[in-house]
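Visitor: fold the following, please.
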Amino acid sequence: MPRVLVVEDESALAEGLKFNFEQEGYEVLLAEDGPTALKFIAESDPLPDVVVLDIMLPSMSGYEVCRKIRETHQTLPILV
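Guide: You can find the predicted model right below:
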């Protein structure tokens, strides 16, 4: 089953995305901020198949999260 990591701080939006992806057959993992998303990616085996990333996040912007992911995972698809 393909896995999606949704990085979104607004819980209603995150839950809506989770619901819709699950209806399409995806396993969905949620992170509410950048550090949580980066920790999940660092500890995940296998990696998610795609990351859906919000730009306006608390404590660390989506741009920063994207840059950090790209330092170690150049081919992981990221949708902003």
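
Visitor: go through the longest helix anywhere in the chain and flag the buried ones.
Guide: Determined from DSSP state H, the single longest helix within the chain is helix 11-23. If you call a residue buried by 16 or more other C-beta atoms under 10 Å, then helix 11-23 has these buried ones: 14, 17-18, 21. Glycine gets a C-beta too; all of them are placed from N, C-alpha and C.

Visitor: closest one of the residues you listed to Thr36?
Guide: Checking the buried residues of helix 11-23 against Thr36 with C-beta to C-beta, the nearest one is Ala14 at 11.7 Å.

Visitor: count of neighbours near the nearest residue to the closest one once chain neighbours are set aside?
Guide: Counting by C-beta to C-beta, 6 or more residues apart in numbering, Glu8 is the residue found nearest to Ala14 once chain neighbours are left out, at 4.0 Å. Look at Glu8: counted by other C-beta atoms under 10 Å, it has 23 neighbours.

Visitor: then Val7?
Guide: Neighbour number of Val7 under other C-beta under 10 Å is 29.

Visitor: pLDDT averaged over stretch 20-30 - what is it?
Guide: Averaging pLDDT along stretch 20-30 gives 98.

Visitor: tell me the one of the buried residues of helix 11-23 nearest Asp54?
Guide: Ala14 (8.8 Å).

Visitor: quick one: contacts for that closest one?
Guide: 6, 8, 30, 32 (C-beta atoms under 8 Å, 6 or more residues apart in numbering).

Visitor: narrow these to those in strands?
Guide: 6, 30 (DSSP state E).

Visitor: need the CA coordinates for stretch 1-15. PDB is fine.
Guide: Extracted C-alpha coordinates of stretch 1-15, given in PDB (Å, rounded to 0.1, in the frame of the first residue of the first chain):
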ATOM      1  CA  MET A   1       0.000   0.000   0.000                       C
ATOM      2  CA  PRO A   2       1.500   3.400  -1.000                       C
ATOM      3  CA  ARG A   3       2.300   5.700   2.000                       C
ATOM      4  CA  VAL A   4       1.700   9.500   2.100                       C
ATOM      5  CA  LEU A   5       3.200  11.700   4.800                       C
ATOM      6  CA  VAL A   6       1.000  14.800   5.200                       C
ATOM      7  CA  VAL A   7       2.700  17.700   7.000                       C
ATOM      8  CA  GLU A   8      -0.100  20.100   8.000                       C
ATOM      9  CA  ASP A   9      -0.600  22.100  11.200                       C
ATOM     10  CA  GLU A  10      -4.300  22.700  10.800                       C
ATOM     11  CA  SER A  11      -6.000  19.600  12.100                       C
ATOM     12  CA  ALA A  12      -9.200  19.900  10.200                       C
ATOM     13  CA  LEU A  13      -7.300  20.100   6.900                       C
ATOM     14  CA  ALA A  14      -4.900  17.300   7.900                       C
ATOM     15  CA  GLU A  15      -7.800  15.000   8.800                       C
END
